[in-house]
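Colleague: quick one, structure for this:
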Amino acid sequence: MADHYDTLGVSREASPEEIKKAYRKLARQLHPDVNPSPEAAEKFKDVTAAYDTLSDPQRRQQYDLGDQPAAGGFGFGDIFDAFFGGGGGSRRGPRSRAQRGQDALVRVDLDLAEVVFGTHRDIEVATAVRCGTCEGDCCAPGTSPTTCSACGGAGEVTRQVRSVLGPVVTSTPCGMCQGYGTVIEHPCETCHGQGRVRAQVTLPVDIPAGVDTGLRLHLPGQGEAGAAGGAYGDIYLEIRVRDDETFTRDGDNLLAGVEISMIDAIFGTTTQLAGVDGDIDLEIPAGTQPGDVITLRGRGVTRLRSSARGDLEVTLQVRTPTKLDHKQRDLLKQFADREKNPQEPKLLRDEPGLFSRLRGKFGR
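Modeller: Alright, predicted model coming up:
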């Protein structure tokens with residue numbers, strides 16, 4: 001098993017802030033949202049495991065002393081715990097009051113235009129923040145925790161019991177200090193000795209272009225403040241893209257439908273389509289058939305982690321007039337009589353995606 005300090009790239013004397021800084025740097029490089037490779041996923045697991053151990057003072061102390069149970073099994077102390085309810089006479093030391101803050105999941109609704117180009121959001125989050133009065137140490141200003149008189153600061157009390165193996169010394173958490181080794185006689189009145197308070201905070205977030213519904217963006221260290229000065233949790237932003245009245249998204253491409261008259265289909269025309277980044281002049285060629293698709297390069301969605309954009313595909317539907325006056329009917333009758341090569345109606349083979357796309361665009 002790799003050394004946790006080597007995994008994070010810090011020295012064994014690194015401060016909690018240096019450990020947190022190293023973890024955030026590696027997490028930004030290795031998180032699956034940024035680097036989807038299997039190698040990065042494995043490294044991210046190792047980095048997270050290392051940070052979970054070294055960010056907790058008690059677990060870090062145990063790790064430094066080499067008192068780490070083998071993965072999936074028992075350490076020597078665990079065997080004694082299982083049989084006698086204690087540590088077999090080996091002292092674990094007082095446990096830390098500091099606890100990591102909880103992670104939070106926040107849903108963000110976006111319009112299609114925000115997805116195409118990316119956007120900035122100031123997100124309001126109800127969360128826990130570090131107490132400004134005691135700065136997380138849980139004590140009233142000018143005071144500090146006192147050593148527990150029952151356990152002498154050890155966080156545990158020992159006693160000797162007789163067993164089939166002879167006298168055995170067992171250790172149990174101190175009931176007076178709950179295993180912390182210290183007692184807070186004068187808790188902070190602002191946070192009631194928790195080291196954190198509830199607050200409504202504004203979280204500025206830059207959301208990249210190309211995100212889609214269901215994608216989660218990871219913001220390490222932006223979650224709840226931990227109890228008693230513990231590490232901050234993380235925030236995950238879950239993206240949901242609202243349906244657009246005009247465009248449908250197909251990966252990085254946008255799909256739209258335009259209805260034109262039979263005359264415009266015959267002679268061709270120029271029409272204007274309101275795009276996500278301004279009006280688009282759409283050139284419709286003469287002889288357009290129903291279902292023809294005009295592709296506008298680079299007018300789609302910006303690809304995630306790229307500046308390139310997909311395409312806009314416009315499917316044309318030809319509108320056949322249903323009400324004709326006598327003059328219009330006579331003119332069309334003359335046109336039909338002049339057709340030199342009239343064709344009999346016939347069934348067409350359903351090419352993949354052709355009729356389904358038409359049904360999707362115009363059958364709603």
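Colleague: show me what contacts the residue lying closest to Cys177 once chain neighbours are set aside?
Modeller: Distance criterion Cβ to Cβ, 6 or more residues apart in numbering; nearest residue to Cys177, sequence neighbours excluded, is Cys148 at 3.8 Å. In this view, the C-beta of every residue, glycine as well, is placed from N, C-alpha and C. Cys148 makes contacts with Gly155, Cys174, Met176, Cys177, Tyr180, Gly181, Thr182, Val183, as judged by Cβ atoms under 8 Å, 6 or more residues apart in numbering.
Colleague: distance of Cys148 relative to Arg216?
Modeller: Using Cβ to Cβ, to the nearest Å, we find Cys148 at a distance of 43 Å from Arg216.
Colleague: what's the answer for Gln61, then?
Modeller: As for Gln61, its distance to Arg216 is 34 Å (criterion: Cβ to Cβ).
Colleague: also Gly298?
Modeller: For Gly298, the distance to Arg216 - Cβ to Cβ - is 28 Å.
Colleague: kindly report the same for Gly310.
Modeller: Gly310 is 22 Å from Arg216, where distance means Cβ to Cβ.
Colleague: Arg28 now?
Modeller: 15 Å.
Colleague: can you give me the helices in the stretch 151-300 of the chain?
Modeller: Along the stretch 151-300 of the chain, counting by DSSP state H, counting those that start in this stretch, helices occupy 262-267.
Colleague: what stretches of the stretch 251-364 of the chain score poorly on pLDDT?
Modeller: Per-residue confidence for the stretch 251-364 of the chain (pLDDT under 70) gives these ranges: 339-364.
Colleague: how much space between the residue nearest to Ile284 when sequence neighbours are not counted and Pro290?
Modeller: Closest residue to Ile284 apart from its sequence neighbours, by Cβ to Cβ, 6+ apart: Thr269 at 5.2 Å. Between Thr269 and Pro290 the computed distance is 15 Å (Cβ to Cβ).
Colleague: tally of neighbours for the residue nearest to Ile284?
Modeller: Residues contacting Thr269 under the criterion other Cβ atoms under 10 Å number 16.
Colleague: one step back: dump the contacts of Cys148 to CSV, plus pLDDT, neighbour count and distance to Pro208.
Modeller: Below are these laid out as CSV (pLDDT from 0 to 100; neighbours: other Cβ atoms under 10 Å; distance: Cβ to Cβ, whole Å):
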residue, pLDDT, neighbour count, distance to Pro208
Gly155, 88, 23, 47
Cys174, 84, 22, 51
Met176, 86, 13, 52
Cys177, 88, 24, 48
Tyr180, 90, 20, 44
Gly181, 90, 21, 47
Thr182, 92, 17, 46
Val183, 92, 15, 49
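Colleague: and these, which is closest to Val129?
Modeller: Distance to Val129 across these (Cβ to Cβ) is lowest for Tyr180, with 22.9 Å.
Colleague: can you name the residues that contact the spatially closest residue to Met176 that is not a sequence neighbour?
Modeller: Using Cβ to Cβ, 6+ apart and skipping residues adjacent in sequence, the residue nearest Met176 is Ala150, 4.0 Å away. By Cβ under 8 Å, 6+ apart, Ala150 lies in contact with Val157, Cys174, Gly175, Met176, Cys177.
Colleague: same question, Val129
Modeller: Contacts of Val129 by Cβ under 8 Å, 6+ apart are Arg196, Val197, Arg198, Ala199, Val201, Ala225.
Colleague: how near is it to Pro57?
Modeller: From Val129 to Pro57 the distance is 21 Å (Cβ to Cβ).
Colleague: what's the answer for Glu189, then?
Modeller: Using Cβ to Cβ, Glu189 is found at 26 Å from Pro57.
Colleague: between those two, which one's more packed in?
Modeller: Neighbours were counted for Glu189 and for Pro57 using other Cβ under 10 Å; Pro57 has more, 17 against 11.
Colleague: on that earlier part again, in a markdown table: the contacts of Cys148, plus distance to Ala256.
Modeller: Listed next are the contacts of Cys148 as a markdown table, based on distance: Cβ to Cβ, whole Å:
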| residue | distance to Ala256 |
| --- | --- |
| Gly155 | 67 |
| Cys174 | 70 |
| Met176 | 72 |
| Cys177 | 68 |
| Tyr180 | 64 |
| Gly181 | 68 |
| Thr182 | 67 |
| Val183 | 69 |
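Colleague: okay, now the closest residue in space to Phe117 that isn't next to it in sequence: neighbour count?
Modeller: If the residues on either side of it in the chain are set aside, Phe117 comes closest to Ala209, at 5.4 Å by Cβ to Cβ, 6+ apart. For Ala209, the neighbour count with other Cβ under 10 Å is 18.
Colleague: let me know whether Ala209 touches Thr302 as I believe.
Modeller: Yes - look at Ala209 against Thr302 with Cβ atoms under 8 Å: they come within range, at 3.7 Å.
Colleague: need the overlap of contacts for the two.
Modeller: When contacts are counted by Cβ under 8 Å, 6+ apart, Ala209 and Thr302 are jointly contacted by Val116, Phe117, Gly118.
Colleague: most surrounded residue in these?
Modeller: Of these, Val116 is surrounded by the most neighbours, 24 neighbours in total, counting by other Cβ under 10 Å.
Colleague: look up how far Arg303 lies from it.
Modeller: If you go by Cβ to Cβ, the gap between Val116 and Arg303 works out to 11 Å.
Colleague: next one: Leu54
Modeller: Applying Cβ to Cβ, the value for Leu54 to Arg303 is 37 Å.
Colleague: please consider this matter closed, and thank you.
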